[in-house]
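In: sequence and predicted structure are below.
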Amino acid sequence: MTSFKKTIYLIRHGEIQSDGKRCIGITDVPLSEFGKTQAGRLGMWMARQLLHDPKPFHIYSSPIQRCLDTAGAMAKRRLSGSGSVQVCDDFHEVNMGEWENMRFSDIKMRYPKTYQKRGENFWDFKAPGGESFQEAGNRFIGGLREIALLPNAGNTEEICFVVAHVGVIRSALAYLGEIDPDRIMETMIPYASVTQLNTDVSDGNVNFDVRFIGSTPTAVPNDDEITELLDRYQVPAHIRRHMKGVANMVLDIAGILDPDGSIYDRELLYAAAMLHDFARIDRYHSTIGALKLRGEGYELVADIISEHDSLSLHKELSIRYKNQYYPSVEDLLYYADKRVLEETVVSLDERFASSRFKCRTPEARMNHQRRYEKAVRIEQDVFRSDQ
């Protein structure tokens, strides 16, 4: 008996340049600037998934450019393993035929009866010259079955990242009985969201198990949301001032390393810095803070915060740009944190001298020294002469 498993992540591409008033199926529409940011965040999320679950992986994409650009940005974040993107024609969006790229107001005017039928039965409806959601779902599931049936490397479990579109992801979920086909448009699959399928292959048969739908692990809280979190968790004023100082410091460093914003996501850096110590009054504050943020739906920020005080360098999460490696977001945050004493920027020697007296055991003194050495290593990376 041949039996193996795969985890498949269905990923909707990043936000596109659109006014939302056109019928977009297989029409090529580029990513917006924010969509490009989302694609980079998906790459960071993927790198962390593979760090915590280091299995063989593959990246697949729809042939439509907005998916290829998203998948390409994800692949660039991987420093090892398979970085190539495999294109699968079965993963393209629902073909809207004659309605492609038309304004909905024009469609209503030119095809009033047909448009009314669409509203009455989305699942079976087919635009002139196009395909139905049901047909698209069948096509998409067929593509998923093909990659699920590919033999696993070394008979180990594998992970597949499939970058596709909202229409075919909804159609696949309806095909699998997870959502009501008659209410297919009501299922939220946001831009840059992730839907997880676990597959179990036995003697050529593929069973799909849907684990979650439309999760947005790359969501980043804005200023108002950060303030609301700090208020709700009753974070003291002195901790807020420290985090604000760290946020200013980390953005200053990013400005030195990355003046045009090609490497570091400023919004993500700021949010992670503004929340990194928000559970500081708790023991194991990094872990507790990350748990709280995951509960709030900010998985990517939580991952960064959980590692921001680690004794290890995060070289495996370094950012590669134009054949140059830059410190990971975790290490950048660690360094900025160690340069800010409460709310004042100080040298590393000053910062560590101020806390050395707290180390009362040999183990504590050893860890203190290791933290200092890590900060020095990052400082050397940040301000190296070839930067």
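Out: Great, that's in hand.

In: host element of the residue nearest the centre of the chain?
Out: Closest residue to the average C-alpha location of the chain: L42 at 2.9 Å, with C-alpha atoms, centre = their mean. If you go by DSSP states H and E, L42 is part of helix 33-52.

In: ok, now A254?
Out: For A254, the host element (DSSP H and E) is helix 237-257.

In: average pLDDT for the helix holding L42, rounded please.
Out: The average pLDDT for helix 33-52 rounds to 91.

In: what does it rub up against?
Out: 9, 11, 13-17, 31, 57, 66, 69-70, 72-79, 81, 159, 161, 191-192, 194, 217-218, 220, 265, 267-268, 299-300, 303, 316-317, 329 (C-beta atoms under 8 Å, 6 or more residues apart in numbering). C-betas here are computed from N, CA, C, even on glycine.

In: one more: stretch 324-333?
Out: Residues contacting stretch 324-333 (C-beta under 8 Å, 6+ apart): 44, 79, 246, 250, 253-254, 257-258, 263-265, 268-269, 272-273, 276, 304, 307-308, 310, 313-315, 317-320, 335, 378, 381-382.

In: over to stretch 337-352?
Out: Applying C-beta under 8 Å, 6+ apart, the set of residues contacting stretch 337-352 is 238, 241-242, 244-246, 249, 276-277, 308-309, 354, 368, 371-372, 375-376, 379.

In: and it, how far apart are its ends?
Out: One end of stretch 337-352 to the other measures 11 Å (C-alpha to C-alpha, to the nearest Å).

In: now do the buried residues in it.
Out: Residues 337-341, 348, 351-352 are the ones in stretch 337-352 that count as buried (16 or more other C-beta atoms under 10 Å).

In: same question for stretch 273-282.
Out: Buried-residue list, stretch 273-282, by 16+ other C-beta under 10 Å: 273-280.

In: and what of stretch 109-117?
Out: Under 16+ other C-beta under 10 Å, the buried positions of stretch 109-117 are 111, 114-115.

In: cool, stretch 216-227 as well?
Out: 216-221, 226.

In: next secondary structure element downstream of the host helix or strand of V163?
Out: Per DSSP H and E, V163 falls inside strand 158-164. The helix or strand immediately downstream of strand 158-164 is helix 166-175, counting by DSSP H and E.

In: hmm, F125 and R118 touching each other?
Out: Yes: contact criterion C-beta atoms under 8 Å: R118 and F125 qualify, at 4.6 Å.

In: which neighbours do the two share?
Out: Going by C-beta under 8 Å, 6+ apart, no residue sits against R118 while also sitting against F125.

In: return the helix or strand in the protein with minimum mean pLDDT.
Out: strand 319-321 (a mean of 77; mean pLDDT, DSSP states H and E).

In: I'd like to know which elements that one is packed against.
Out: If contacts are counted by 3 or more C-beta pairs under 8 Å, 6 or more residues apart in numbering; DSSP states H and E, strand 319-321 sits against strand 324-326.

In: what lines up beside the strand it packs on in the sheet?
Out: strand 319-321 (antiparallel) (DSSP bridges).

In: if you count neighbours, what's buried in the strand it pairs with?
Out: I319.

In: for that strand, give me every contacting residue.
Out: By C-beta under 8 Å, 6+ apart, strand 319-321 touches 76-77, 79, 262-264, 325-329.

In: I'd guessed R170 sits against T187; true?
Out: Yes: between R170 and T187 there is a contact under C-beta under 8 Å: 5.4 Å.

In: can you map out the helices along the protein?
Out: 33-52, 65-76, 104-110, 112-120, 133-149, 166-175, 223-232, 237-257, 266-275, 285-296, 299-307, 329-339, 348-355, 362-382 (DSSP state H).

In: got TSV for those helices, with distance to D200 too?
Out: Output for the helices of the chain, formatted as TSV (distance: least, C-beta to C-beta, whole Å):
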stretch	distance to D200
helix 33-52	20
helix 65-76	25
helix 104-110	41
helix 112-120	36
helix 133-149	9
helix 166-175	17
helix 223-232	39
helix 237-257	44
helix 266-275	35
helix 285-296	27
helix 299-307	26
helix 329-339	35
helix 348-355	51
helix 362-382	42
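
In: tell me which of those helices approaches S3 most closely.
Out: helix 133-149 (11.9 Å; C-beta to C-beta).

In: cheers, nothing more for now.
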